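Novice: The sequence and its predicted three-dimensional model are supplied below.
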Amino acid sequence: MSARAIFGILFIGVRNYSLVGTPSRDLVVTLNPLKLDDTLSLAAEVMWRLEVPAVPVVDERGLYAGCISIFSLLRRRAPASTKVRSLVDRVPPLETLSDPVAVARAFVKTGYPRLPVVESGKPVGVVSARRLIQAMGLKPRVPAELLMYKLEPLSPDDPVERARKLAGDVGLRLVPVAQQGKLVGVVRVYDLARYVYVTPIQRGTRGEVSGDVEYYLSRPLRDLVVDTQKVVESGSVPTLLDLAEGCVVLGERGEVLGVISPYLLLRCLLPAVEEAAVPLRVEGVEELDFISQRLIYAKSLEIAKSVAERARLLEMSVVLKSRKKGSTARYEAYASIKLDVGVHAAKAEAWNPVEAAMEAADAAYKRFTKAKEKAREKRLSIERLRRKLLP
């Protein structure tokens, strides 16, 4: 079965979804676009006020010219008076919103936190990962630890620069801050951008010493920390709102393990399947919920791509089977890595189908890696022996 065919199967449960009513009312955040000669300080203010990570930009004729994202602002560290035109990204706009899965694919393909929507060449608003996840009606059935982005929290005494780099490079909506191993709050990406790009302008208009960007980046992070509104334990199943709004994931002892971010979640659930030229077969997931399906496929694809880079992969397969035990089901997963010189397979069982599939895939990959290392050692031993025997 081809990757494209598997891709279609894994969207069971949402692929027949269609929006009801006016698309702008369901998915689009309507806003006025920026102009090419607007400043980065104005862009940061708009993003903070509307809580949008990207804003469309128009040219002199009012036509769509591109987008500017909050992550571009944070990565660039440009002066607040810099013109928007210097950071505009030419992101392909959306013209139809009837299929949320197609919109989700566009998010992953472009790698942009929000996508502009245009009508007759003019932008009317943006689609966010947050609203998209809500529109898809995802029903989480797996623990938060399988959905989170793992990271180490920052300290209140860390400079703002560390939060800027982490949020900008990764694409985080929330940066957790902890002290003595316990969560004390978060830094929102909108507050971060506004602090760096708007505060100098405000202080200057009040006749105060405004300072440059580097000054604000060197300040302690504690000034930007706000209370955490959404927290979920790693072993608990997050709600749809947790996925859409984002939350901090804590361990059993209250330590910060990572965050769930709507944009990063879409990237996790929707890898660019059509572009992944690897022979991968996934079976037995048709009855699972959408998130479980995507997590299993994402893990399988990650391993298949790694194997294909190191050997000639003929096929990687992950087959899931359920065995009923009373009112519940226990899952068996079989993972197989078929090469031109052998097969590496493994089996795992668990009450959770995602855990079973991931354990089996990881075990098969470990056997593949061990075999590769053993073959390498054998080649090195033969070479050492050859050098000893040859004059």
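Specialist: Sure, I can see it. Computed from a predicted structure; not experimentally measured.

Novice: Let me see the ranges of the helices in this protein.
Specialist: Along the chain, counting by DSSP state H, helices occupy 3-9, 23-26, 40-50, 70-76, 100-110, 129-136, 160-170, 189-197, 199-205, 213-217, 240-245, 262-269, 290-310, 353-389.

Novice: As CSV, those with mean pLDDT, mean neighbour count and distance to residue 85 would be great.
Specialist: In this view, the C-beta of every residue, glycine as well, is placed from N, C-alpha and C. Formatted as CSV, the helices of the chain follow (pLDDT from 0 to 100; neighbours: other Cβ atoms under 10 Å; distance: least, Cβ to Cβ, whole Å):
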stretch, mean pLDDT, mean neighbour count, distance to residue 85
helix 3-9, 36, 15, 38
helix 23-26, 50, 15, 27
helix 40-50, 93, 20, 10
helix 70-76, 89, 21, 12
helix 100-110, 79, 18, 20
helix 129-136, 82, 22, 26
helix 160-170, 91, 19, 20
helix 189-197, 92, 24, 16
helix 199-205, 69, 16, 18
helix 213-217, 81, 16, 19
helix 240-245, 89, 19, 32
helix 262-269, 82, 22, 25
helix 290-310, 89, 20, 37
helix 353-389, 89, 16, 45
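
Novice: For residue 120, find the nearest of those helices.
Specialist: In terms of Cβ to Cβ, the element of the helices of the chain nearest to residue 120 is helix 23-26, at 14.1 Å.

Novice: domain ranges for this structure?
Specialist: Listed by automatic domain parsing, the domain ranges of the chain are 22-136, 144-268, 276-387.

Novice: Could you tell me the end-to-end distance of the longest one?
Specialist: Across its full length, domain 144-268 reaches 13 Å end to end, with Cα to Cα, to the nearest Å as the criterion.

Novice: Repeat that for stretch 102-118.
Specialist: 16 Å.

Novice: who's in contact with that stretch?
Specialist: 23-24, 27-29, 52-54, 56, 64, 67, 69-71, 89, 91-95, 97, 123-129, 132, 136, 171, 263, 266-267, 269-272 (Cβ atoms under 8 Å, 6 or more residues apart in numbering).

Novice: now do stretch 156-174
Specialist: By Cβ under 8 Å, 6+ apart, the surrounding residues in contact with stretch 156-174 are 53, 71, 73-75, 77, 113, 149, 151, 154, 175, 177, 179, 184, 186-189, 192, 195-196, 216-225, 228, 246-248, 259, 261-264.

Novice: ok, residue 181 - contacts?
Specialist: 253, 254, 255.

Novice: tell me the mean pLDDT over stretch 56-63?
Specialist: Stretch 56-63 carries an average pLDDT of 93.

Novice: Could you give me the buried positions within that stretch?
Specialist: For stretch 56-63, the neighbour count (16 or more other Cβ atoms under 10 Å) marks 56, 57, 58 as buried.

Novice: need those in JSON lines with distance to residue 331, can you?
Specialist: Shown next, in JSON lines, are the buried residues of stretch 56-63 (distance: Cβ to Cβ, whole Å):
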{"residue": "56", "distance to residue 331": "45"}
{"residue": "57", "distance to residue 331": "49"}
{"residue": "58", "distance to residue 331": "52"}
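
Novice: So which of the contacts of stretch 102-118 sit within strands?
Specialist: 28-29, 54, 56, 64, 67, 69, 123-128 (DSSP state E).

Novice: right, and residue 279 touches residue 312 too?
Specialist: No - Residue 279 lies out of contact with residue 312 (Cβ atoms under 8 Å); the separation is 10.5 Å.

Novice: related to what we said a few turns ago, tell me which of the buried residues of stretch 56-63 is nearest to residue 370?
Specialist: Comparing those against residue 370 with Cβ to Cβ picks out residue 56 as the nearest, at 51.1 Å.

Novice: Can you name the residues that contact the closest one?
Specialist: 31, 33, 34, 64, 66, 67, 93, 116, 118, 123, 125, 126.

Novice: 6 Å instead, please
Specialist: Residues near residue 56 by Cβ atoms under 6 Å, 6 or more residues apart in numbering: 33, 67, 116, 123.

Novice: that older thread, out of the buried residues of stretch 56-63, flag the one nearest to residue 342.
Specialist: residue 56 (52.8 Å).

Novice: Could you find the closest non-adjacent residue to the closest one?
Specialist: In this structure, residue 56 finds its nearest non-sequential neighbour in residue 123, 3.7 Å apart by Cβ to Cβ, 6 or more residues apart in numbering.

Novice: ok, the one you found to residue 96 distance?
Specialist: Per Cβ to Cβ, to the nearest Å, residue 123 is found 15 Å from residue 96.

Novice: Check residue 214 too.
Specialist: The value you get for residue 214 to residue 96, if Cβ to Cβ is used, is 44 Å.

Novice: which residue packs closest to residue 267, ignoring adjacent ones?
Specialist: residue 108 (5.7 Å).

Novice: Show me which of residue 279 and residue 312 is the more surrounded one.
Specialist: residue 279 (15 against 10; other Cβ atoms under 10 Å).

Novice: is the closest residue to that one other than its chain neighbours in a bridge, and if so with what?
Specialist: Leaving aside its chain neighbours, residue 279 sits nearest to residue 315 (4.5 Å; criterion: Cβ to Cβ, 6+ apart). Counting by DSSP bridges, residue 315 forms beta bridges with residue 338.

Novice: No more questions from me, cheers.
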